[in-house]
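Trainee: Here's a sequence, model it:
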Amino acid sequence: MTTPEEKLSLMKRNLQEIIGEDRLLTILKERDVKIYWGTATTGKPHVAYFVPMSKIADFLKAGCEVTILFADLHAFLDNMKAPWELLALRTEYYANVIKAMLRSIGVPLEKLKFVKGTDYQLSREYTLDVYRLSSVVTEHDAHKAGAEVVKQVDHPLLAGLLYPGLQALDEEYLKVDAQFGGVDQRKIFTFAEKCLPSLGYQKRIHLMNPMVPGLTGGKMSSSEEASKIDLLDSAAQVKKKLKLAFCEPGNVKDNGLLSFVKHVLFPLNIQHEFVVERKEENGGTLVFKNYEDLESSFAEEKLHPGDLKSAVEKSLNALLDPIRKEFETPEMKLLISKAYPTIGKQKSARVVSAADVISPSKLDIRVGRIESVKKHPDAESLLVESVDFGNGDVRTVVSGLAGIVPEDELQGRLGVFLCNLKPAKMRGIESNAMLLCASRDEPRAVEPLDPPEGSEVGEKVFVHGFDEGDPEPQLNPKKKLWEKIQEDLRISDQLEAEWQGNSLMTTKGVLKCRSLNGVPIK
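Mentor: Prediction:
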């Protein structure tokens, strides 16, 4: 029979932190622990979701009663990442794909409880508690609690400030002992520990997973296409993305592949081993019985990045194949198309939303090389650039960068240009595109956007999730489409270019800025 200490050891495996571990052991000595994990139903889940799924498997093995919350209302409150009219469809998609994930790793669904947030969060009692909580929580504390989870903007909506409080109340209304989540949730967890007792409710235990690096080395994110592998990506897409993944020889820091092996593949493997198949001339097949040996082998460069990628690819496809098969049915394909409609493809069969009208897919943004730079003969503040967009398309571009960006920094560099504005004469010289830059007013600073390494002259730049449809040949100045889209173009705190939280990209990765974060793109 499993002892409380053995159960605790299994629950703690691969966690980064537990707040309230002493209380956890006390409960385990009396009964099984009730725990919940919640996910906001926003962008499509990706392979990093296998990390919490593998821990849920551990919790079940430890005898825990596990609830999975599909936080549909949270998805709407987080800067409306999920439009209200799509909430039900996205929640249905999440329910299907997460259950498919759990089946693929052998987790018995009958031992789990699945709950939708709006099933109880719209009740009279819950709503009253939201008001009660709002009377004891300051704006500062609410903003601070959601800083790592809720999308941060210059002028936040009140909805984002409600988000942490609702997550705290969920612990009481789901009647659990503990909440499980990523370490990025820590501020919300400590917020909950402080706030629930003020309403007369008991504070809960909090268990936190580390954040798994994405394929580019940073956090794996639904909004960063290059950083993630979708659960429904084909084997060919998996191969392509893994081939481009950051995996420097000997570098074990921020290595998404090694982290995935540690937190998913090892825990889920019945034989507790990871096999790297190699030809005899390359040293033969390697069998690692624990993660530490694998990491040491890679750190000492005994294991080549290419061999690691091939082994991860094989194991990952084994996990994804059952999920792909479940979503091959016409019903599931229809659900995907409704939950995540492709902008620009729908006709009058559905109501056209504001997002359609100002879709960034209508912009013709391209990578260009600045071949020459000179001062405007009649304007001290202007520079005149000759920009090559490939295939003989060389354009004159006039930019207001004189005295702000040195000419030698522009000469010969790749830039990002909006190419379908109506040509405009600037002090007598016609400009046929616009160089996009990060811009700060005080103190004044401007930096041209940097295309990802490997981007080619003439390559299309698109917004993740809005890459379907053709750009307009020329924007109509009267419709002010560029001005409307530009309002939401920003540089994130991670120095990445975004539109409404969605990454600006080429096929090689995400556009970035060298040093100006949290500023608009103009």
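
Trainee: Quick check: the nearest residue in space to Gln486 that is not next to it in sequence vs Val264, distance?
Mentor: Excluding the flanking residues, the one nearest Gln486 by CB to CB, 6 or more residues apart in numbering is Lys522, at 6.7 Å. Backbone N, C-alpha and C define where each C-beta goes, glycine included. Distance of Lys522 to Val264, computed by CB to CB, to the nearest Å: 42 Å.

Trainee: between these two, who's got more neighbours?
Mentor: Between Lys522 and Val264, counted using other CB atoms under 10 Å, Val264 has the larger neighbour count: 26 against 13.

Trainee: The more buried one touches Lys55, doesn't it?
Mentor: No. Using CB atoms under 8 Å as the test, Val264 is too far from Lys55 to be in contact (9.8 Å).

Trainee: Pull the distance from the longest helix seen in the chain to the chain's centre.
Mentor: For the chain, the longest helix by residue count, based on DSSP state H, is helix 305-326. Here helix 305-326 shows a centroid-to-chain-centroid distance of 21 Å under the convention CA atoms, centre = their mean, to the nearest Å.

Trainee: now whichever helix or strand comes after that helix and helix 305-326, what's the angle there?
Mentor: Counting by DSSP states H and E, the element after helix 305-326 in chain order, helix or strand, is helix 330-339. Inter-element angle recorded for helix 330-339 and helix 305-326: 110 degrees (by axes from the mean of the first three to the mean of the last three CA atoms, to 10 degrees).

Trainee: Any regions of the chain where pLDDT drops low?
Mentor: 1, 79-82, 151-154, 215-227, 342-358 (pLDDT under 70).

Trainee: Give me the longest strand you can find in it.
Mentor: Using DSSP state E to define each element, the chain has its longest strand at strand 365-375.

Trainee: Would you mark the buried spots in that strand?
Mentor: Buried residues in strand 365-375, counted by 16 or more other CB atoms under 10 Å: 365-370, 373.

Trainee: can you give me the helices in the stretch 401-522 of the chain?
Mentor: 407-410, 481-486 (DSSP state H, counting those that start in this stretch).

Trainee: can I assume Ala142 sits in a strand?
Mentor: No. Counting by DSSP: H, G, I helix; E, B strand; the rest coil, Ala142 is not part of a strand but helix.

Trainee: Contacts only, for it.
Mentor: By CB atoms under 8 Å, 6 or more residues apart in numbering, the contact set of Ala142 is 161-162, 164-165, 191.

Trainee: Spit out the contact partners of Ala235.
Mentor: Taking CB under 8 Å, 6+ apart, one finds Asn317 in contact with Ala235.

Trainee: now it: how far from Arg324?
Mentor: Distance from Ala235 to Arg324, by CB to CB: 9 Å.

Trainee: So what would you say the end-to-end distance of stretch 8-28 is?
Mentor: Using CA to CA, to the nearest Å, the end-to-end distance of stretch 8-28 comes out at 8 Å.

Trainee: Can you tell me what sits against it?
Mentor: The contact list for stretch 8-28 (CB under 8 Å, 6+ apart) reads 4-5, 7, 33, 55, 58-59, 61-62, 64, 177-178, 183, 186, 189-190, 193, 203-210, 262-263, 267.

Trainee: List the buried residues in that stretch.
Mentor: Under 16+ other CB under 10 Å, the buried positions of stretch 8-28 are 8, 10-11, 14-15, 18-21, 23-24, 27-28.

Trainee: next one: that stretch to chain centre, how far?
Mentor: Centroid separation for stretch 8-28 versus its chain: 28 Å, with CA atoms, centre = their mean.

Trainee: Let me see the ranges of the strands in the stretch 201-350 of the chain.
Mentor: 205-209, 274-276, 286-288 (DSSP state E, counting those that start in this stretch).

Trainee: Give the other helices and strands that the longest one contacts.
Mentor: Contact partners of strand 205-209 among helices and strands, from 3 or more CB pairs under 8 Å, 6 or more residues apart in numbering; DSSP states H and E: strand 17-19, helix 21-28, helix 50-61, strand 178-182, helix 186-195.

Trainee: What are the buried residues along whichever strand or helix holds Glu125?
Mentor: Element membership for Glu125, per DSSP H and E: helix 124-134. For helix 124-134, the neighbour count (16+ other CB under 10 Å) marks 126, 129, 133 as buried.

Trainee: re earlier: looking at the helices and strands packed on strand 205-209, which is closest to Asp450?
Mentor: strand 178-182 (28.9 Å; CB to CB).

Trainee: just checking, what packs against that closest one?
Mentor: Checking 3+ CB pairs under 8 Å, 6+ apart, strand 178-182 ends up next to strand 34-40, helix 50-61, helix 186-195, strand 205-209.

Trainee: okay, the angle between the longest one and helix 305-326?
Mentor: Orientation check (the same axes, to 10 degrees): helix 50-61 against helix 305-326 gives 70 degrees.

Trainee: helices or strands up against helix 50-61?
Mentor: By 3+ CB pairs under 8 Å, 6+ apart, helix 50-61 packs against helix 4-12, strand 34-40, strand 65-71, helix 87-104, strand 178-182, strand 205-209, helix 266-268.

Trainee: looking at the ones you listed, which is closest to Lys240?
Mentor: helix 87-104 (21.5 Å).

Trainee: which residues sit against the closest one?
Mentor: Helix 87-104 has contacts (CB under 8 Å, 6+ apart) with 39, 41-42, 44-45, 49-50, 53, 56, 68, 70, 72-73, 75-76, 82, 109, 112, 114, 116, 118, 231-232, 319-323, 326-327, 332, 335-336, 338-340.

Trainee: Can you select the buried ones from those in PyMOL?
Mentor: Buried members of those, defined by 16+ other CB under 10 Å, are picked up in PyMOL with:
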select buried, resi 39+41+42+44+45+49+50+53+56+68+70+72+73+75+76+82+112+116+118+231+232+319+320+323+326+327+332+335+336+339
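
Trainee: follow-up on the earlier one: which among the helices and strands packed on strand 205-209 is found nearest to Lys289?
Mentor: helix 50-61 (18.0 Å).

Trainee: coming back round to it: now the strands of the stretch 201-350 of the chain in TSV, with mean neighbour count and distance to Ser492?
Mentor: Converted to TSV, the strands of the stretch 201-350 of the chain look like this (neighbours: other CB atoms under 10 Å; distance: least, CB to CB, whole Å):
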stretch	mean neighbour count	distance to Ser492
strand 205-209	22	23
strand 274-276	18	34
strand 286-288	17	36
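
Trainee: sorry, back to before: can the helices and strands packed on helix 50-61 go into JSON lines with extra columns for distance to Cys513?
Mentor: Output for the helices and strands packed on helix 50-61, formatted as JSON lines (distance: least, CB to CB, whole Å):
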{"stretch": "helix 4-12", "distance to Cys513": "40"}
{"stretch": "strand 34-40", "distance to Cys513": "28"}
{"stretch": "strand 65-71", "distance to Cys513": "32"}
{"stretch": "helix 87-104", "distance to Cys513": "31"}
{"stretch": "strand 178-182", "distance to Cys513": "26"}
{"stretch": "strand 205-209", "distance to Cys513": "30"}
{"stretch": "helix 266-268", "distance to Cys513": "37"}
